[in-house]
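Visitor: Below is the structure, and that's it, no one-letter string:
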Ligand code: GDP
């Protein structure tokens, strides 16, 4: 994961690691390399600049230059700041409500349906919940079938109304179905388009308003880099979502989305998807991710 970024950061920081003492020039040069590595990884320009400025201020504030192992301290400062940038603490999901309603949003192909299944499976096995999956894509019958396939695979019931073209009604009916049949989590998979359009935004905003979800998650493909951040902004403006799910982190992603999304939309990454299988889901831990990036 993020091999290229890891290599570049390692090279940038390596220069300092060996030094018993370092100068302000060493620090400045290293941070320039760090910034270049972040930009190469598709981190948003403003985020990368703020990041290196903060590390520099902290380094000078902590008298890095006079400590015994300045290189190690610099590595720690970069790691701490990277952790902060990705949200600091692990953000849990809100499982209150009877039932808990979780709404999935995102573009087509982002991994919404797959993640809906993964989350249902995760809650079922790890949190002893009884989830219901809801197919709210009224445009693509294939999408409804896909959710049924996923549901069969993990042994979770899927609610759908193939003849109904009103996603608000389907979602509301599904919640009623959950209440009368003992389901305590309702995961609503919605329709996505290949690009953001007004009709899609209005539709999901209407579903959101009608069902008052405890959690609205925005699902985004990490491989889309800067676009992931722009899409997140657009969805957040309409839905004020609660958290982000970054999918396809197993692919050849440069990591920019993971690093910039929190600072741009100020919403935490809650889960990551690391494969196509139903168990390829992880709770996102900023510190662990920073550790992985910095080796
Ligand atoms: P949706 O249109 O947003 O519902 O997206 P899908 O759930 O249909 O996913 C689109 C494609 O991405 C499918 O081929 C999935 O198998 C694949 N996919 C989803 N999540 C992941 C992931 O975390 N890793 C990888 N490698 N593929 C994924």
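Guide: Arrived safely, thanks for sending. Just so it is clear, the structure is predicted and the values come from calculations on it, not from any experiment. Numbers count the residues shown, from 1 in each chain.
Visitor: Residue 135 should be in a strand, yeah?
Guide: Yes. Residue 135: assigned to a strand according to DSSP: H, G, I helix; E, B strand; the rest coil.
Visitor: what's the neighbour count on it?
Guide: 29 (other Cβ atoms under 10 Å). Where you see a C-beta, it was placed from the backbone N, CA and C, and this is true even at glycine.
Visitor: so what's it bridging to?
Guide: When bridges are called by DSSP bridges, residue 135 pairs up with residue 189.
Visitor: residues contacting it?
Guide: 143-144, 147-148, 158-160, 170, 189 (Cβ atoms under 8 Å, 6 or more residues apart in numbering).
Visitor: Point out where this structure drops to low pLDDT.
Guide: Scanning the chain for pLDDT under 70 picks out the ranges 18-21, 64-65, 68.
Visitor: Show me where it has its helices.
Guide: All helices of the chain, identified by DSSP state H, fall at 3-17, 24-40, 45-61, 70-85, 112-126, 141-154, 167-180, 198-211, 226-239, 256-265, 286-294.
Visitor: among the contacts of residue 135, which ones are buried?
Guide: Applying 16 or more other Cβ atoms under 10 Å to the contacts of residue 135, the neighbour count classes 143-144, 147, 158-160, 170, 189 as buried.
Visitor: what's the farthest-apart pair in these?
Guide: 143 and 159 (13.9 Å; Cβ to Cβ).
Visitor: what sits against residue 149?
Guide: Neighbours of residue 149 in contact, by Cβ under 8 Å, 6+ apart: none.
Visitor: distance of it from residue 278?
Guide: Separation of residue 149 from residue 278 (Cβ to Cβ, to the nearest Å): 11 Å.
Visitor: How about the residues of the stretch 101-250 of the chain by the ligand?
Guide: 106, 108-114, 192, 247-248, 250 (Cβ under 6 Å from any ligand atom).
Visitor: Let's see which of those end up in strands.
Guide: residue 247 (DSSP state E).
Visitor: Redo the residues of the stretch 101-250 of the chain next to the ligand as JSON lines? Include distance to residue 131 and neighbour count.
Guide: Formatted as JSON lines, those follow (distance: Cβ to Cβ, whole Å; neighbours: other Cβ atoms under 10 Å):
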{"residue": "106", "distance to residue 131": "19", "neighbour count": "26"}
{"residue": "108", "distance to residue 131": "23", "neighbour count": "16"}
{"residue": "109", "distance to residue 131": "23", "neighbour count": "14"}
{"residue": "110", "distance to residue 131": "20", "neighbour count": "25"}
{"residue": "111", "distance to residue 131": "18", "neighbour count": "22"}
{"residue": "112", "distance to residue 131": "15", "neighbour count": "26"}
{"residue": "113", "distance to residue 131": "14", "neighbour count": "24"}
{"residue": "114", "distance to residue 131": "15", "neighbour count": "23"}
{"residue": "192", "distance to residue 131": "21", "neighbour count": "24"}
{"residue": "247", "distance to residue 131": "19", "neighbour count": "29"}
{"residue": "248", "distance to residue 131": "23", "neighbour count": "23"}
{"residue": "250", "distance to residue 131": "24", "neighbour count": "14"}
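Visitor: count of neighbours near the residue nearest to residue 279 when sequence neighbours are not counted?
Guide: Counting by Cβ to Cβ, 6 or more residues apart in numbering, residue 279 lies nearest to residue 121, which is 7.0 Å off, once chain neighbours are set aside. Counted with other Cβ under 10 Å, residues neighbouring residue 121 total 21.
Visitor: same deal with residue 182?
Guide: When neighbours are defined as other Cβ under 10 Å, residue 182 has 9 of them.
Visitor: For it, which residues are in contact?
Guide: Per Cβ under 8 Å, 6+ apart, neighbours of residue 182: residue 130.
Visitor: And it, its phi and psi?
Guide: Phi and psi for residue 182, reported as degrees, to the nearest 10, are phi 80, psi 20.
Visitor: mind checking how far it is from the ligand?
Guide: 27 Å (Cβ to the nearest ligand atom, to the nearest Å).
Visitor: Against residue 118, how distant is that residue?
Guide: To residue 118, residue 182 is 22 Å away according to Cβ to Cβ.
Visitor: One more: residue 165?
Guide: Separation of residue 165 from residue 118 (Cβ to Cβ) stands at 28 Å.
Visitor: All set now, cheers.
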